[in-house]
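1. Please work out how this folds:
(chains A and B)
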Amino acid sequence: GDSVTQMEGPVTLSEEAFLTINCTYTATGYPSLFWYVQYPGEGLQLLLKATKADDKGSNKGFEATYRKETTSFHLEKGSVQVSDSAVYFCALTAYSSASKIIFGSGTRLSIRP
Amino acid sequence: EAGVTQFPSHSVIEKGQTVTLRCDPISGHDNLYWYRRVMGKEIKFLLHFVKESKQDESGMPNNRFLAERTGGTYSTLKVQPAELEDSGVYFCASSQDSRREQYFGPGTRLTVT
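-> The predicted structure is shown next:
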């Protein structure tokens, strides 16, 4: 079945460091890909998305590119801030079941000043 | 505009007891979803309502879980009797239609002792 695998955390970085959180997926057809973020005490928020191969999603300085050849959707940010500390979830929706979001296990990111 | 709200934010119950979680979707959203994250693992889909009808309940783990959405507004998720493995965070989400963005609530943390 469809699934998402993302790098395990926790990940701890210093402020202004470069961030990569790896995500790969398994899906039939052409899924849409997402990154969600959960800040402390808050609900899940959509961070960015890409709906077809080679699309780049971006928001708040974060970027991820839909790579069909490697079935990947890695999250990157050039310079992280303390306020980026949160749990990040990679996710997909399959074309055949667009209403059901399939999530990865989440990566906790902590940024130290 | 109010977001998705969930009640309670945290519930601690003993094994064998009953707990009812509530979700109030964004006003006007016909689609309502329940997900849960157990033991820090991936967030898993439980079920999907369209108005008061269950569109997809393929993720419901067993018959100890009962979801309702009478009148097509708020939804409840009852766990009876609760088991230790039911501990986790239960998220609710809503959307205008099944192919549009799902907006998540802050979750209910359920602890079964």
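
2. going forward, measure contacts and count neighbours with C-alpha atoms only.
-> Noted.

3. Which residues of chain A lie near chain B?
-> A:41-46, A:98-106 (Cα under 8 Å from any Cα of the partner chain).

4. Can you pick out the most distant pair from the residues you listed?
-> Farthest apart among the residues of chain A next to chain B by Cα to Cα are A:Gly41 and A:Ala98. That separation is 27.7 Å.

5. Please say which of these two ends up with more neighbours.
-> A:Ala98 (15 against 10; other Cα atoms under 10 Å in any protein chain shown).

6. so what's that one scoring on pLDDT?
-> pLDDT for A:Ala98: 66.

7. And for the one 3 residues further on?
-> According to the model's per-residue confidence, A:Ile101 sits at a pLDDT of 94.

8. Once you drop chain neighbours, what's closest to it?
-> Nearest non-adjacent residue to A:Ile101, counting by Cα to Cα, 6 or more residues apart in numbering or on different chains: A:Thr93, 5.0 Å away.

9. tell me the contacts of B:Phe104?
-> By Cα atoms under 8 Å, 6 or more residues apart in numbering or on different chains, the contact set of B:Phe104 is A:Gly43, A:Leu44, A:Gln45, B:Val4, B:Phe91, B:Cys92, B:Ala93, B:Ser94.

10. do the same with B:Phe91
-> Contacts of B:Phe91 were listed using Cα under 8 Å, 6+ apart, and they are B:Trp34, B:Tyr35, B:Arg36, B:Arg37, B:Phe104, B:Gly105, B:Pro106, B:Gly107, B:Thr108.

11. May I have the beta-bridge partners of it?
-> In this structure, B:Phe91 bridges to B:Tyr35 when assessed by DSSP bridges.

12. so what secondary structure elements neighbour the lowest-mean-pLDDT helix or strand in chain A?
-> In chain A, no helix or strand scores lower on mean pLDDT, DSSP states H and E than strand A:97-103, which sits at a mean of 84. Judged by 3 or more Cα pairs under 8 Å, 6 or more residues apart in numbering or on different chains; DSSP states H and E, the packing partners of strand A:97-103 are strand A:3-6, strand A:86-94, strand B:43-50.

13. Just put those in CSV and tack on mean pLDDT, mean neighbour count and distance to A:Lys77.
-> CSV is the format used below for these (pLDDT from 0 to 100; neighbours: other Cα atoms under 10 Å in any protein chain shown; distance: least, Cα to Cα, whole Å):
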stretch, mean pLDDT, mean neighbour count, distance to A:Lys77
strand A:3-6, 95, 20, 16
strand A:86-94, 94, 24, 13
strand B:43-50, 95, 22, 24
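
14. before we move on, back to that, correct me if wrong: the residue nearest to A:Ile101 contacts A:Tyr30.
-> No: contact criterion Cα atoms under 8 Å: A:Thr93 and A:Tyr30 do not qualify, at 9.1 Å.

15. How much space separates B:His10 from A:Gly78?
-> To A:Gly78, B:His10 is 36 Å away according to Cα to Cα, to the nearest Å.

16. cool, and A:Asp54?
-> A:Asp54 sits 20 Å away from A:Gly78, going by Cα to Cα.

17. which parts of chain B sit against chain A?
-> So far as Cα under 8 Å from any Cα goes, chain B lies against chain A at B:40-45, B:48, B:98-99, B:103-107.

18. at 6 Å instead, please
-> B:Lys41, B:Glu42, B:Ile43, B:Ser98, B:Arg99, B:Phe104, B:Gly105, B:Pro106 (Cα under 6 Å from any Cα of the partner chain).

19. How many residues are close by the closest residue in space to A:Gly1 that isn't next to it in sequence?
-> Nearest residue to A:Gly1, sequence neighbours excluded (Cα to Cα, 6+ apart): A:Ala27, at 7.0 Å. Residues within reach of A:Ala27, counting by other Cα under 10 Å, total 16.
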